[in-house]
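Undergrad: No letters, just coordinates:
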């Protein structure tokens, strides 16, 4: 039976990263996978995370399962981090959440709940979006429609096109939104535009599903969550998928959370029960290590302050890299790359053709996706001049 299965190609992004790793060129530049890298090209461990982990190792006396909903300190901390101390939804107890294996697990459990509530629900997805969104959500049977989002000519959000398309979203349908630091384009909605989306959701009855994987890497923890909070404050139903991979560096620990903002406390309890049943059939029990660490960082005042300081420095470095990259590219190419500085988070499109991206790989060992999406955090002082010069050669 098994010999009937054919070999499948590797994931586009991960496969390209593997080719880069195998490239012997000492000048190679890896701008592929969305992982934060420091100046040395290393994905660092937060000092706050190290301390929490050391404490956990010292204190831990059992490796028994944690509760199915996950670590409660982590769940409580994520509710507050995402929705804010003054959230009316939290005060009214109309928020339920469970720990998941990373942001991907949160997206999957959210999809399971949507499918259980209304099989075959249509989900509106931005063009472009993270490539794994559709496989993750579609694997449970959801259907898809796209809405215009990024304007590659003007390098900005095509908000008029987005609104025009979402006018067709009907009551009970779902609109998938990037909470901040849009992956892959880095172009984010303004607060006024978030208000417009909230208006449309109120009037049309569609349900926002917010994927917020980069909180803290755009404009800081509070400002990056402002759009999400507008929706939660104004709407009866919102689903949120959150990740600690980026803002705590817990990539390999698979630490995520799914939140259900509901009409009332009873409905929130029902959604948690549905989420737990879905989790049981998908992955059974949640992983403990990363969530306990994150819970300690979120709940301990000293660790939390240290983490926020480190995260702020990381955010500042990314924004500084954007400024430096604009300066280098403008000078080397004679073209206008100022749009990169206006975008947020780890990703941007350079606006190059697929042919130019291939030339960069083959002629200069500069690795980016064919769409010219780059991981800005892969740039550093040692490679920025080489990168700018290579781009100048292909444009």
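TA: Received it, and whenever you're ready, just let me know what you need. Note that the coordinates shown come from a computational prediction; the quantities given were computed from them, not determined experimentally.
Undergrad: Could you list the domains of the protein?
TA: Residue ranges for the domains of the chain, per automatic domain parsing: 2-45+316-394, 65-299.
Undergrad: Deepest-packed of the ones you listed, please.
TA: Burial among those, expressed as mean neighbours by mean count of other Cβ atoms under 10 Å, is greatest for domain 65-299, which shows a mean of 20. The way it works is simple: take the backbone N, C-alpha and C, and place the C-beta from them, glycine included.
Undergrad: Could you work out the end-to-end span of that domain for me?
TA: With Cα to Cα, to the nearest Å applied, domain 65-299 spans 21 Å between its terminal residues.
Undergrad: What ranges does the stretch 201-350 of the chain have for its helices?
TA: For the stretch 201-350 of the chain, the helices identified by DSSP state H, counting those that start in this stretch occupy 221-224, 226-234, 265-282, 289-299, 301-333, 339-342, in order along the chain.
Undergrad: Need those in CSV (columns: mean pLDDT and distance to residue 249).
TA: What follows is the helices of the stretch 201-350 of the chain, written out as CSV (pLDDT from 0 to 100; distance: least, Cβ to Cβ, whole Å):
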stretch, mean pLDDT, distance to residue 249
helix 221-224, 97, 15
helix 226-234, 98, 22
helix 265-282, 97, 24
helix 289-299, 98, 10
helix 301-333, 97, 9
helix 339-342, 96, 24
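Undergrad: can you tell which of the ones you listed is closest to residue 9?
TA: With Cβ to Cβ, the closest approach to residue 9 among those belongs to helix 265-282: 25.2 Å.
Undergrad: circling back to that earlier point, closest one to residue 305 among the domains of the chain?
TA: Shortest separation from residue 305 across these is recorded for domain 65-299, at 10.1 Å, computed as Cβ to Cβ.
Undergrad: just the strands in the stretch 1-150 of the chain please.
TA: Listed from the start of the chain, the stretch 1-150 of the chain has strands (DSSP state E, counting those that start in this stretch) covering 29-30, 95-101, 122-127, 143-148, 150-151.
Undergrad: The last one packs against which elements?
TA: In this structure, strand 150-151 packs against strand 156-157, with contacts taken as 3 or more Cβ pairs under 8 Å, 6 or more residues apart in numbering; DSSP states H and E.
Undergrad: With the first one instead?
TA: Of the remaining helices and strands, those touching strand 29-30 by 3+ Cβ pairs under 8 Å, 6+ apart are helix 12-22, strand 366-367, helix 384-394.
Undergrad: and for it, what are the contacting residues?
TA: By Cβ atoms under 8 Å, 6 or more residues apart in numbering, the list of residues contacting strand 29-30 from outside reads 17, 20-21, 41, 365-367, 375, 378-379, 383, 386-387, 390.
Undergrad: cool, and the third one?
TA: Contact with strand 122-127 is made by 114, 133-134, 137, 142-150, 162, 165-166, 169-170, 173-178, 182, 206, 209, as judged by Cβ under 8 Å, 6+ apart.
Undergrad: before we move on, the earlier item: for the helices and strands packed on strand 29-30, which has the smallest mean pLDDT value?
TA: Between the helices and strands packed on strand 29-30, the lowest average pLDDT goes to helix 12-22, which shows a mean of 90.
Undergrad: What is that helix packed up against?
TA: The elements that helix 12-22 packs onto, with contact taken as 3+ Cβ pairs under 8 Å, 6+ apart, are strand 29-30, strand 366-367.
Undergrad: Sheet-wise, list the partners of the first one with their directions.
TA: Right, the one you point to is strand 29-30. According to DSSP bridges, strand 29-30 has the following sheet partners: strand 366-367 (parallel).
Undergrad: nearest spatial neighbour of residue 271, skipping sequence neighbours?
TA: In this structure, residue 271 finds its nearest non-sequential neighbour in residue 260, 3.9 Å apart by Cβ to Cβ, 6 or more residues apart in numbering.
Undergrad: And the strands of the stretch 1-150 of the chain: which comes nearest residue 318?
TA: strand 29-30 (16.1 Å).
Undergrad: and the closest one, average pLDDT?
TA: In this model, strand 29-30 carries a mean pLDDT of 95.
Undergrad: And stretch 249-259, by the same measure?
TA: Averaged across stretch 249-259, pLDDT comes to 97.
Undergrad: Got the phi and psi for residue 163?
TA: Per-residue torsions, residue 163: phi -60, psi -40 (degrees, to the nearest 10).
Undergrad: Show me where the stretch 1-150 of the chain has its helices.
TA: 12-22, 47-59, 72-83, 88-91, 102-117, 133-138.
Undergrad: List the contacts of residue 259.
TA: Contact analysis of residue 259 by Cβ under 8 Å, 6+ apart lists 78-79, 82-83, 95-97, 238-240, 242.
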